[in-house]
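Q: here's my sequence, what's the structure:
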Amino acid sequence: MEFAIHQQILLSVFVIAAIMGAVANKTNFCTMGAVSDWINMDDKGRLRAWLLAVAVAMAGVLVLETVGKIDLSGTTFPPYRTANFAWLRHLLGGLMFGVGMTLGSGCGNKTLVRLGGGNLKSLVVLGIASVMAYLMLWTNFYGIVFDSWMSPLMVNLGSLGIKNQTVHGMLGGLLGMDAASLHVIVGALIVAALLAYVFKSADFRGSADNMLGGTVVGLAVVAGWYLTGSALGAQWKEWAEMADMPPSRVEVQSFTFISPMGDMVHYLMEPTNFSLINFGIAALVGVIAGSFLFALFTRRLRLEWFAGFGDFANHAVGAALMGVGGVLSMGCTVGQAITGVSTLAVGSILTFVAIVAGAAAAMKVQYWRMMRDA
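A: This next block holds a predicted model:
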């Protein structure tokens, strides 16, 4: 079989994701854990690692766009920079996802990492979240439950003279300034502020794992954007348009982990239809494989199961909320809070804040219930 550009892209995505999975396992990079450490122990080490990933991804996108190596001005998956600002989707979906990842012991990426390390609870979480994501993506579930009352509340920024929902785009539209110039200025200021906050902590600077985890995840996101948003990505799209059976989701994109779960279910329903294997599925399998190989060779592979029915119920509810909330907000703690934020999309920033708020609230309730029952 010809090793076409499509297979080259998917193999590259798999390798990058495997590296990310191995590093996340080694460094314990975990966005849910970052919020938990901050809320419960006032330890911001992993939170800073998360913000470092954001800064690295944002800086990479800013440089690549400025020098003309990638073009994110058109359609992306998800549509991060669209002028249709679905603020309620970002807010509600982010809150649901934040609560869900707390109950499910980790976000989408961490679920895959834990599964690769032998945690069978994460297999159940993955299964339930995947089914719910499939319902949101591939059936009328979203239309019946959400669309009728959410769509009328969407803000069309174009009617306000604003071309897209990026920070620089909105500022440029409101102030009558050139958005392209503002992109460099605003992006550089945000990156500098994030890096200053991250590295002002001596504890963080002394943690090789936190610095490694944040840097590698951020660079992985940049690599995903480069693969699909550069001249190589344009060739990939041209190839797909000429293919007898066009493959799934050949679009400018980078790493996200909830919609690929739904796409995986879609593929498993037609396992001989290889055109359904896409960027997201390659990434999902790659993270699991990388985490598994790291756990295997370092002898950290440990099987784990539910402590009881209550533990199972918490994870099941959390998985359902992650699947629905992740698709509703158009991304997860990686897909929106790193990949999306790297584009300076306001919706992604709103989702980031909502996820943290939802997770923090769920942790406070969990602590209150624990103290009440003590």
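
Q: what is the neighbour count of I338?
A: 31 (other CB atoms under 10 Å). The C-beta positions use only the backbone N, C-alpha and C, and glycine is treated the same way.

Q: hmm, I was thinking of C332
A: Using other CB under 10 Å, C332 has 35 other residues around it.

Q: wait, a strand at it?
A: No - the assignment for C332, made by DSSP: H, G, I helix; E, B strand; the rest coil, is coil rather than a strand.

Q: what pLDDT does it get?
A: We have a pLDDT of 94 for C332.

Q: would you agree it is in contact with C107?
A: Yes - in this structure, C332 is within contact of C107 by CB atoms under 8 Å, at 5.6 Å.

Q: which residues are in contact with both of these two?
A: Contact criterion CB atoms under 8 Å, 6 or more residues apart in numbering; residues bridging C332 and C107 by contacting each: 97, 101, 257, 322.

Q: between the residues you listed, which is nearest V15?
A: Distance to V15 across those (CB to CB) is lowest for F257, with 16.8 Å.

Q: which residue packs closest to that closest one, ignoring adjacent ones?
A: G108 (3.5 Å; CB to CB, 6 or more residues apart in numbering).

Q: contacts only, for that neighbour.
A: Contacts for G108 (CB under 8 Å, 6+ apart) come out as 101, 129, 256-258, 261, 322, 326, 332-335.

Q: who's in contact with the host helix or strand of Y267?
A: Taking DSSP states H and E as the definition, Y267 sits inside helix 259-268. Under the contact criterion CB under 8 Å, 6+ apart, helix 259-268 has outside partners 78, 108, 126, 129-138, 248-249, 273, 276-281, 283-284, 323, 326-327, 331, 335.

Q: just those: which are in helices?
A: 108, 126, 129-138, 279-281, 283-284, 323, 326-327 (DSSP state H).

Q: list the helices and strands the longest helix belonging to the chain packs on?
A: The helix that spans the most residues within the chain, counting by DSSP H, is helix 346-373. When contacts are defined as 3 or more CB pairs under 8 Å, 6 or more residues apart in numbering; DSSP states H and E, helix 346-373 packs onto helix 31-41, helix 87-103, helix 167-175.

Q: excluding its backbone neighbours, what's nearest T31?
A: Leaving aside its sequence neighbours, T31 sits nearest to T333 (CB to CB, 6+ apart; 3.8 Å).

Q: contacting residues around T111?
A: Shown in contact with T111 (CB under 8 Å, 6+ apart): 104, 122, 125-126, 129, 257, 322.

Q: the residue nearest to A345 when sequence neighbours are not counted: what secondary structure?
A: Closest residue to A345 apart from its sequence neighbours, by CB to CB, 6+ apart: Y80 at 4.2 Å. Under three-state DSSP, the three-state class of Y80 is coil.

Q: please work out how many residues are found near the residue nearest to P78 when sequence neighbours are not counted.
A: Excluding its sequence neighbours, the residue lying closest to P78 (CB to CB, 6+ apart) is M330, at 4.0 Å. M330 has 26 neighbouring residues, counting by other CB under 10 Å.
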